[in-house]
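Visitor: Only the shape, not the letters, is given here:
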């Protein structure tokens, strides 16, 4: 099994150092472990949910030491990033350039709305919010910086019912992924740990089944990741996510080039 989405204590809402995750990953039979902690940002923006710029060298060093110390597993150096125009050069020149990250992951946790910046976790309730989220996510996807899109159906956490607005949003996101050849992520953290109550009963917040049925229609490749925030959860949801992909006839993305071979 492979997991390309792993966090560390540096994001302030996860536990564990790189080594802690690697040891559990080995015990659970993973062959590839990619770290994708929340990136620091210029000006230390959104600092409550990510590492500071001063912590970036330590994160890079911890991964490098694990790569040297654990040769029996492929360990990759990634970051999960919110895209905004003012961050583009930092991602391209510093993360991909100076620090030679193996890949960047697009995670749309915030989106602009009427001159403000809202949270995709708590502020996405209305069709207008959903349209703004979708527009920003599509623009972010077109930046050309990212290896895949994390939890593209994150809107299911607070937009509770599937309707014509969610279908339109899903088609915009999935259609853009198809056009760009950009894989979408089935997220194990949402599948295992996040349940929402709706008028139709409880469901996983994400992955949201109608979204992934549309992914199957568009034949967009997918990745399955744990989005682990604790070492013991490094493989959470991977088997279930792979079963979901298989049940819908989804194609797993080939990330071989991003794994160095």
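Guide: All right, it came through fine. Predicted model, so just to flag it, every value in this text is computed and none were measured. Numbers count the residues shown, from 1 in each chain.
Visitor: all strands for the stretch 1-150 of the chain, in order.
Guide: Along the stretch 1-150 of the chain, counting by DSSP state E, counting those that start in this stretch, strands occupy 2-3, 32-38, 74-81, 103-106, 110-113, 116-119, 148-149.
Visitor: Go through these and name the closest to residue 174.
Guide: Ranking the strands of the stretch 1-150 of the chain by proximity to residue 174 (C-beta to C-beta) places strand 148-149 first, at 10.0 Å. C-beta coordinates here come from the backbone N, C-alpha and C atoms, glycine included.
Visitor: sorry, back to before: closest to residue 208 out of the strands of the stretch 1-150 of the chain?
Guide: Taking the strands of the stretch 1-150 of the chain one by one with C-beta to C-beta, strand 148-149 is closest: 14.3 Å.
Visitor: Mind listing residues that contact that closest one?
Guide: 4, 105-106, 108, 137, 141, 173, 177, 182-185, 223, 253, 255 (C-beta atoms under 8 Å, 6 or more residues apart in numbering).
Visitor: Setting the sequence-adjacent residues aside, check what's closest to residue 117.
Guide: Nearest non-adjacent residue to residue 117, counting by C-beta to C-beta, 6 or more residues apart in numbering: residue 110, 5.1 Å away.
Visitor: Residue 21 versus that neighbour, what's the distance?
Guide: 26 Å (C-beta to C-beta, to the nearest Å).
Visitor: so where's the stretch 151-261 of the chain shaky on pLDDT?
Guide: 256-261 (pLDDT under 70).
Visitor: got the residue ranges for the helices in it?
Guide: With DSSP state H, counting those that start in this stretch as the criterion, the stretch 151-261 of the chain has helices at 164-180, 188-193, 209-218, 238-248.
Visitor: could those helices go into CSV alongside distance to residue 146 and mean neighbour count?
Guide: Below are these laid out as CSV (distance: least, C-beta to C-beta, whole Å; neighbours: other C-beta atoms under 10 Å):
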stretch, distance to residue 146, mean neighbour count
helix 164-180, 9, 18
helix 188-193, 19, 21
helix 209-218, 17, 18
helix 238-248, 19, 16
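Visitor: Export these to a markdown table and append columns for distance to residue 46.
Guide: Converted to a markdown table, these look like this (distance: least, C-beta to C-beta, whole Å):
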| stretch | distance to residue 46 |
| --- | --- |
| helix 164-180 | 22 |
| helix 188-193 | 19 |
| helix 209-218 | 26 |
| helix 238-248 | 27 |
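Visitor: which one of those helices lies closest to residue 27?
Guide: With C-beta to C-beta, the closest approach to residue 27 among the helices of the stretch 151-261 of the chain belongs to helix 238-248: 14.1 Å.
Visitor: before we move on, back to that, going by distance to residue 67, which of the contacts of strand 148-149 wins?
Guide: residue 4 (15.0 Å).
Visitor: OK, contacts around that closest one?
Guide: Residue 4 makes contact with 32, 34, 36, 76, 78, 103, 105, 147, 148, 223, 225, 255 under the criterion C-beta under 8 Å, 6+ apart.
Visitor: From residue 127, how far off is it?
Guide: Distance of residue 4 to residue 127, given as C-beta to C-beta: 32 Å.
Visitor: The stretch 1-150 of the chain: helices as residue ranges?
Guide: Under DSSP H, counting those that start in this stretch, the stretch 1-150 of the chain gives helices at 18-27, 56-69, 88-89, 127-141.
Visitor: Could I get those in JSON lines, plus columns for mean pLDDT and mean neighbour count?
Guide: Output for those, formatted as JSON lines (pLDDT from 0 to 100; neighbours: other C-beta atoms under 10 Å):
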{"stretch": "helix 18-27", "mean pLDDT": "98", "mean neighbour count": "20"}
{"stretch": "helix 56-69", "mean pLDDT": "98", "mean neighbour count": "16"}
{"stretch": "helix 88-89", "mean pLDDT": "98", "mean neighbour count": "13"}
{"stretch": "helix 127-141", "mean pLDDT": "98", "mean neighbour count": "19"}
